[in-house]
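# Quick one, fold the following:
(one chain, ligands or ions: 2)
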Amino acid sequence: MRVLGIETSCDETAVALVETNPWTTDVLAEVVSSQIELHRPYGGVVPEMATREHLKNLPLLVPRVMKEVNLGLDAVDAIAATEGPGLASSLLIGHSYARAMAVALSKPMVGVNHLEGHLYSPFIAHRRAVEFPFVGLIASGGHTLLVHALGWDRYVKLGSTVDDAAGEAFDKVAKLLGLPYPGGPEIEKMAKQGNPEAFGLPRSFPERDNLNFSFSGLKTAVRFFFEKSPQLRSDPAWVHDLCASFQKAVVDVLVRKAVHAVSLARVERLVVSGGVLCNQALRHELEFACYEGEIELLLAEAELCTDNAAMIAGTAAEKLEAGIEPYVGNDIDPNLDLFAPEPNGDFARGLSTAIKLKNRQKKDVTQKEGVGAPGEIEIW
Ligand code: ADP
Ligand code: MG
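Ligands and ions are numbered 1, 2, ... in the order given. Got it, this is the predicted structure:
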């Protein structure tokens with residue numbers, strides 16, 4: 001089965017073609033058009049500019065992907081697009097484009113949850129079929145999330161950030177220090193030359209069984225040191241030390257909680273993705289901790305850490321192959337969640353509620369629309 005995937009949840013326009021094989025789902029071609037340079041002067045993503053770029057890019061990128069593999073669109077079995085979460089206006093462009101293609105080509109259209117795509121991306125990187133159960137850590141610009149993945153559509157939230165996402169914290173601290181957007185790679189560059197023990201910065205929720213994250217206290221602590229020391233800000237060594245200490249504080253918390261989540265969920269595999277995983281210190285610390293704890297670790301490779309369409313097409317293909325009806329509807333949902341609400345944080349109760357809700361959603365939104373000749377068109 002070949003699936004063409006489109007991802008436009010934020011500021012990257014991405015298109016990919018994947019093909020399922022007996023043991024793997026292979027990425028045949030993929031392109032990502034990043035808008036980082038466009039948004040850099042504003043220090044963050046400007047939604048309307050992102051939307052216009054997606055509109056301009058998609059009609060160029062889809063033919064480029066098909067040309068790369070020398071195939072016509074008739075060789076595609078389904079079209080997938082990110083349904084949420086993300087910026088509403090950006091999501092609408094990719095989702096509408098995919099729906100229009102599906103109608104024109106008489107192919108099924110599948111909506112994919114961006115977070116489910118991130119969870120799945122390390123399996124693509126390792127050229128492996130997805131294997132449940134596992135604990136997934138997503139650390140990106142918009143999310144910091146620990147998930148117990150029991151099967152497709154069966155996710156239990158173990159922890160998430162109560163304020164800033166990890167990538168957001170990198171971006172905000174970089175802005176404070178006068179470094180360009182996005183801040184993660186800039187801080188990492190500075191941190192390489194600094195001493196991670198130079199500043200005593202706080203770690204959020206040190207209680208062992210609390211798997212939530214908080215990065216705003218850490219951000220405030222960095223601001224405190226920065227504002228208290230105007231005379232030192234021009235000293236590169238001082239800035240390097242501050243970046244290294246900040247990075248270590250984020251990495252420490254992510255690694256400690258992810259490893260503990262694996263033991264609480266009683267699984268043997270940790271799967272990590274999201275833009276912050278481009279950070280080499282985080283990758284090394286995860287590798288070390290998982291080696292020590294005898295945990296199997298799957299890391300997404302750098303190109304699949306940040307937003308990409310291979311994870312969207314791949315998730316759709318794997319779910320279709322597994323005979324799972326896509327549960328998402330005909331429209332985008334900027335707040336699309338992976339989970340049902342978890343009453344009182346009760347693990348088992350949360351899980352059963354999640355499954356019940358998902359089943360109900362399936363019945364509600366799965367519909368078949370015959371949209372005339374040629375052939376029958378299925379829009380999920
Ligand atoms: P989202 O989809 O939520 O926008 P992405 O998965 O695209 O996020 O990741 C972007 C985030 O990753 C940004 O916040 C960026 O600063 C962060 N990031 C990228 N590279 C690094 C790095 N080397 N170290 C830390 N953070 C990084
Ligand atoms: Mg993302």
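
# so what secondary structure elements neighbour the helix or strand that contains E318?
Per DSSP states H and E: E318 is located in helix 310-321. When contacts are defined as 3 or more Cβ pairs under 8 Å, 6 or more residues apart in numbering; DSSP states H and E, helix 310-321 sits against strand 2-7, strand 12-20, strand 25-34, strand 78-84, strand 109-113, helix 114-125. (C-beta placed from N, C-alpha, C; glycine too.)

# Confirm that V156 sits in a strand.
Yes: counting by DSSP: H, G, I helix; E, B strand; the rest coil, one finds V156 located in a strand.

# Pull the number of nearby residues for it.
23 (other Cβ atoms under 10 Å).

# now it, nearest residue through space, not along the chain?
Spatially, and ignoring its direct neighbours in sequence, V156 is nearest to H148 (4.3 Å; Cβ to Cβ, 6 or more residues apart in numbering).

# Do I have it right that the one you found meets L137?
No: between H148 and L137 there is no contact under Cβ atoms under 8 Å: 11.1 Å.

# where does the stretch 251-380 of the chain come near ligand 2, residue by residue?
Contacts of the stretch 251-380 of the chain with ligand 2, taken as Cβ under 5 Å from the ion, map to D307.

# What ranges does the stretch 251-380 of the chain have for its helices?
280-292, 302-305, 310-321, 347-365 (DSSP state H, counting those that start in this stretch).

# Give me the mean pLDDT for stretch 331-351.
The pLDDT scores in stretch 331-351 average 65.

# whoops, stretch 275-292 was the one
98.

# cool, stretch 145-163 as well?
Rounded mean pLDDT across stretch 145-163 is 95.

# Quick check: buried residues in that stretch?
145-150, 152-153, 155-161, 163 (16 or more other Cβ atoms under 10 Å).

# out of those residues, which one sits closest to ligand 2?
Of all the buried residues of stretch 145-163, L145 has the smallest distance to ligand 2: 10.9 Å, by Cβ to the ion.

# roughly how far apart are the residue most central in space within the chain and P196?
Per Cα atoms, centre = their mean, the C-alpha nearest to the average position across the chain is that of H118, at 3.9 Å. Between H118 and P196 the distance, using Cβ to Cβ, to the nearest Å, works out to 27 Å.

# do V239 as well
14 Å.

# and the residue located most distally from the centre of the chain, what is it in contact with?
Within the chain, Q231 marks the point farthest from the mean C-alpha position, 39.2 Å out by Cα atoms, centre = their mean. Residues in contact with Q231 (Cβ atoms under 8 Å, 6 or more residues apart in numbering): none are found.

# and it, that one's in a helix?
No: under three-state DSSP, Q231 sits outside any helix and is assigned coil.

# re earlier: may I see the buried residues of the helix holding E318?
In helix 310-321, counting by 16+ other Cβ under 10 Å, buried: A310, M311, I312, A313, G314, T315, A316, A317, E318, K319, L320.
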